[in-house]
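*Asks:* okay, here's the prediction I keep looking at, along with the sequence it came from:
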Amino acid sequence: MTGWFSFLHGEATAGDVLALARVERVLREAGLAYDVVWSPGFRADGTHFDDVDPAAYSRLVFVCGPVHGPQVEELHRRFAHCVRIAVGVSVVDPHSLAVTGFHRVLARDGAGSGPGPDLAARAPALPAVPVVGVVLTHGQQEYGGRRRHEEVAAVLTRWLSGRDCARLELETRLDAHDWRLCGTPAQLESVLSRLDLVVTDRLHGLVLALRAGVPVLAVDPVEGGAKVTAQAHACGWPALVAAERLAGASAAGMLELWWQWCLADGRAEAARIGAGFRAADPVRDSADDLVAALRTASDDGGAAVPEPPRG
């Protein structure tokens, strides 16, 4: 079985791979053995065209995507002795060699008949995976030689790429003109509240996730600890890793430990902390002392703020 996911310079889309899963189920249920050819750029450990002896096969099935172009035409030449069938495909030009080279074309659209559902729609059900927001910063030059931001980002992103999760890169910076960024805090909070976990090295990545009741795997990117560490302590949040700890051989194990905790006990703890921020009698913050500071500012040479009139 082949498709655009098989070509070195093709692409593997989620829809294509789900369409393949639908066809695989049909073949398994019919008791038909098959091999799948993958692009080495997508699955380096899979079967590639360079590994395949065309003489070992009697049939070729092309799954999903447009039947168009030189890559598809090359399949007809290389597997000329095989019965060749295209399934769930779009027919762009019914007279092209890419199309006419197939013995049968079971099209989803463009073949002169009404369109049919894409194969991905009836693919086997998939297991749920965590949806993880990733909020990283590459700035904060004010920390000078204590900055470990690049190293932290490299370790975290490399580690996250091996996790079975849906990763969503987020930015706390607001922008009223860039459609890729949130324009208001409410928009960002709506995204955060729908996540299972946030991975961040930013203070507000930590605080805003907890405000939304979402567990956070936080890393302080400043050697010796700085505002991320201080805020984790202020919020009573334990899932915190120091930048220095990511340089050792135990980094992956430590991240794994906090990952599992966040997705288990951490859910209830984050919900408790988030609810505490909204409680009738919340923990005090520095704004609670602002009015008193303004009223006593005259002691430092500033103008005092008058008492409000009594009615």
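*Replies:* Yep, it's here.
*Asks:* what helices or strands is the host helix or strand of Thr157 leaning on?
*Replies:* When elements are assigned from DSSP states H and E, Thr157 belongs to helix 149-161. Contacts defined by 3 or more C-beta pairs under 8 Å, 6 or more residues apart in numbering; DSSP states H and E place helix 149-161 against strand 131-135, helix 251-263. Quick note: C-beta positions are derived from backbone N, CA and C, even for glycine.
*Asks:* show me where this protein has strands.
*Replies:* Assigned by DSSP state E, the chain shows strands spanning 2-3, 59-63, 83-90, 104-109, 131-135, 166-169, 197-200, 216-220, 240-242.
*Asks:* quick one on the thing from earlier: which residues does the helix holding Thr157 contact?
*Replies:* With C-beta atoms under 8 Å, 6 or more residues apart in numbering as the test, helix 149-161 has contacts from 132, 134, 136-140, 167, 199, 201, 219, 221, 243, 246-247, 251-252, 255.
*Asks:* for it, buried residues please.
*Replies:* When burial is assessed from 16 or more other C-beta atoms under 10 Å, helix 149-161 yields the following buried residues: His149, Val152, Ala153, Val155, Leu156, Trp159, Leu160.
*Asks:* quick one on the thing from earlier: need the helices and strands packed on helix 149-161 in CSV (columns: mean neighbour count).
*Replies:* Output for the helices and strands packed on helix 149-161, formatted as CSV (neighbours: other C-beta atoms under 10 Å):
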stretch, mean neighbour count
strand 131-135, 21
helix 251-263, 16
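*Asks:* circling back: using PDB, write down the CA coordinates of the helix holding Thr157.
*Replies:* The C-alpha coordinates for helix 149-161 follow below in PDB (Å, rounded to 0.1, in the frame of the first residue of the first chain):
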ATOM      1  CA  HIS A 149      16.600  29.900  28.300                       C
ATOM      2  CA  GLU A 150      18.000  28.400  25.100                       C
ATOM      3  CA  GLU A 151      19.200  25.300  26.900                       C
ATOM      4  CA  VAL A 152      15.900  24.900  28.700                       C
ATOM      5  CA  ALA A 153      13.900  25.300  25.500                       C
ATOM      6  CA  ALA A 154      16.000  22.800  23.600                       C
ATOM      7  CA  VAL A 155      15.700  20.100  26.300                       C
ATOM      8  CA  LEU A 156      11.900  20.700  26.700                       C
ATOM      9  CA  THR A 157      11.100  20.700  23.000                       C
ATOM     10  CA  ARG A 158      13.200  17.700  22.300                       C
ATOM     11  CA  TRP A 159      11.600  15.800  25.200                       C
ATOM     12  CA  LEU A 160       8.100  16.900  24.200                       C
ATOM     13  CA  SER A 161       8.600  15.700  20.600                       C
END
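*Asks:* tell me the mean pLDDT for it?
*Replies:* The average pLDDT within helix 149-161 is 93.
*Asks:* what's the closest of the strands of the chain to Asp50?
*Replies:* Nearest to Asp50, of all the strands of the chain, is strand 2-3, at 13.4 Å by C-beta to C-beta.
*Asks:* check the nearest residue to Gln71 once chain neighbours are set aside and give its pLDDT.
*Replies:* Nearest non-adjacent residue to Gln71, counting by C-beta to C-beta, 6 or more residues apart in numbering: Phe7, 4.9 Å away. On pLDDT, Phe7 comes in at 94.
*Asks:* circling back: from the buried residues of helix 149-161, which is closest to Ala86?
*Replies:* Nearest to Ala86 out of these is Leu160 (C-beta to C-beta; 36.8 Å).
*Asks:* circling back to that earlier point, now the helix holding Thr157, how far from the centre of its chain.
*Replies:* Chain-centre distance of helix 149-161: 14 Å, with C-alpha atoms, centre = their mean, to the nearest Å.
*Asks:* how big is the angle separating that helix from helix 251-263?
*Replies:* 70 degrees (axes from the mean of the first three to the mean of the last three C-alpha atoms, to 10 degrees).
*Asks:* distance to Arg272 and mean pLDDT added to the helices and strands packed on helix 149-161, as a markdown table?
*Replies:* Shown next, in a markdown table, are the helices and strands packed on helix 149-161 (distance: least, C-beta to C-beta, whole Å; pLDDT from 0 to 100):
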| stretch | distance to Arg272 | mean pLDDT |
| --- | --- | --- |
| strand 131-135 | 20 | 98 |
| helix 251-263 | 14 | 96 |
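*Asks:* can you put those in a markdown table and add distance to Met1?
*Replies:* Shown next, in a markdown table, are those (distance: least, C-beta to C-beta, whole Å):
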| stretch | distance to Met1 |
| --- | --- |
| strand 131-135 | 30 |
| helix 251-263 | 35 |
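*Asks:* so which of these gets nearest Thr100?
*Replies:* Closest among these, once you apply C-beta to C-beta, is strand 131-135, at 44.3 Å.
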